[in-house]
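Trainee: Okay, predicted coordinates and the sequence, questions at the end:
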Amino acid sequence: MDGPPRRGYQSADMASRPFATLDELDVDNRRVLVRVDFNVPLTKDRRVRDDTRIRAALPTLRMLRERGAKLVVCSHLGRPKGAPDPALSMEPVGARLAELLEVEVKLADEVVGDGVTKLVTDARAGEVVLLENLRFHPGETKNDAKLSQALAALCDAYVCDAFGACHRAHASVVGVPELVHDKAAGLLLQAELVALSRLVDAPARPFVAIVGGAKVSDKLGVLLALVERLAAGDTVIIGGAMANTFLAAQGRELGASLMERDRTSDANTVLTKAAARDIHVVLPTDLRVGRGIEATEARVHHLEDGPLATDEMALDIGPATTERCEAAVAKAAMLLWNGPMGLFENPAFAEGTLAVARAVAACKGFTVVGGGDSVAAVQQSGVADRIDHVSTGGGASLEFIEGKTLPGVAALRKDD
Ligand code: ADP
Ligand code: MG
């Protein structure tokens, strides 16, 4: 992609990166506050349903323990609205972390306070304290200075490994590192920045971007940024409810399909810009449709055959479209995928998404998948280990690719 390169994130350019890495941080026998993203899904009986995000932080936590740090680990979990909510306690997360790290994890009963201070002061090298859900404190999402000061007082050094939270200017992500002199990016954060920077700063051609899913408004900004940065011969594949919005913009009548009608003019802008720059756009020519999201059977509908019935919904791309996607993906030298092609949670409408997942896995180029549901689809199809980089941050990866500065990364900037 063209545009100014964001210096400092590329692996090839590590000398000029704006933040310190773990190996530069003095942690021996020091209290290290590690902001992680343990915002994991829980089961109804409050156990960790998917521990991917906990596992993703293990390399950083293990390395810090081995080097004698006293770990003070913190994360948010869900949206507790600034007050304690027992259903969103970090307790099950702490239990899973203890199993994975094979070490005792002491759970604090609040975010900051005298009890927490004592727990941290008493910790010895290699011990792990987990703070209670950061969002139990109203100051977290407000980037409140008092909370930041209290958290900063708990540590001698700060590490951010919460890529998924770096696009939020919250106290634990921005306020604390601004107050702490010794700070660094964790291994996960660094890996995310290196992989995503490769897409932004050193794209290989043809570049293929696949954008789907349901968060149309959030992702239109990314599509607009992409068509401005991609070059002739690159391809943008549009699926999911995003594609419905584009098809509606072209005057297609799609019955009861999910779409964002008020964004059709942005969709047209994307198409106009892409055409002006000779960027290929793959939009569905056929769809799998059903009567409601619970439908157990899909009907293949060719758009040239006219409108959908008023109670029908477009819930997946059709077989001909899937083949066009596979062909484009096979040629990609670099590929970014964010957003499933359809309602893949329903097996009747999973085929397009799973076929794209297999095609991305088979692609010989450099492949990156981001977005919670897209990553779940890749895992469901059993091909996650054949993707070059599976991003842990949905919103953060999108903002990074759009070219925005992530506040959590900017706050790690070394003080001169
Ligand atoms: P991600 O989490 O990968 O960023 P999104 O959250 O934007 O992706 O979208 C994923 C959701 O979009 C999934 O729940 C999926 O079922 C839904 N979805 C995709 N296509 C459609 C469609 N055509 N109609 C309704 N829902 C869809
Ligand atoms: Mg999602």
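Mentor: Received, thanks. Keep in mind it's a predicted model, so treat the numbers as computed, not measured. Residues are numbered from 1 along each chain as shown. Ligands and ions are numbered 1, 2, ... in the order given.

Trainee: Off-centre distance for the helix or strand bottoming out on mean pLDDT in the chain?
Mentor: Lowest on mean pLDDT, DSSP states H and E among the helices and strands of the chain sits helix 394-402, with a mean of 89. Here helix 394-402 is found 7 Å from its chain centre; the criterion is C-alpha atoms, centre = their mean, to the nearest Å.

Trainee: Identify the residues contacting the following helix or strand past it?
Mentor: Next helix or strand after helix 394-402 toward the C-terminus (DSSP states H and E): helix 407-410. Residues outside helix 407-410 that contact it (C-beta atoms under 8 Å, 6 or more residues apart in numbering) are 19, 160, 162, 165-169, 173-174, 177, 185, 189, 193. For glycine as for every other residue, the C-beta is placed from the backbone atoms N, C-alpha and C.

Trainee: Using the record's assignment, carve the protein into domains.
Mentor: 22-190, 203-402 (automatic domain parsing).

Trainee: Endpoints of the longest one, how far apart?
Mentor: This stretch, domain 203-402, spans 14 Å end to end (C-alpha to C-alpha, to the nearest Å).

Trainee: now for the domains of the chain, which one comes closest to Ser197?
Mentor: Distance to Ser197, taken as C-beta to C-beta, is lowest for domain 203-402 among the domains of the chain, at 8.2 Å.

Trainee: Relative to the whole chain's centre, how far out is the closest one?
Mentor: Relative to its chain's centre, domain 203-402 lies at 17 Å (C-alpha atoms, centre = their mean).

Trainee: does the least confident helix or strand of the chain come close to ligand 2?
Mentor: No - Helix 394-402 lies out of reach of ligand 2 by C-beta under 5 Å from the ion, never closer than 6.1 Å.

Trainee: Reformat the contacts of helix 407-410 into TSV and put pLDDT next to each item.
Mentor: Formatted as TSV, the contacts of helix 407-410 follow (pLDDT from 0 to 100):
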residue	pLDDT
Phe19	87
Cys160	98
Ala162	97
Ala165	94
Cys166	96
His167	94
Arg168	95
Ala169	97
Val173	98
Val174	98
Pro177	98
Ala185	97
Leu189	96
Leu193	93
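
Trainee: related to what we said a few turns ago, what residues sit buried inside the least confident helix or strand of the chain?
Mentor: 394-402 (16 or more other C-beta atoms under 10 Å).

Trainee: likewise stretch 23-37?
Mentor: 25, 27, 30-37.

Trainee: separation between the closest residue to Cys166 other than its chain neighbours and ligand 2?
Mentor: If the residues on either side of it in the chain are set aside, Cys166 comes closest to Gly408, at 3.2 Å by C-beta to C-beta, 6 or more residues apart in numbering. With the distance defined as C-beta to the ion, to the nearest Å, Gly408 ends up 20 Å from ligand 2.
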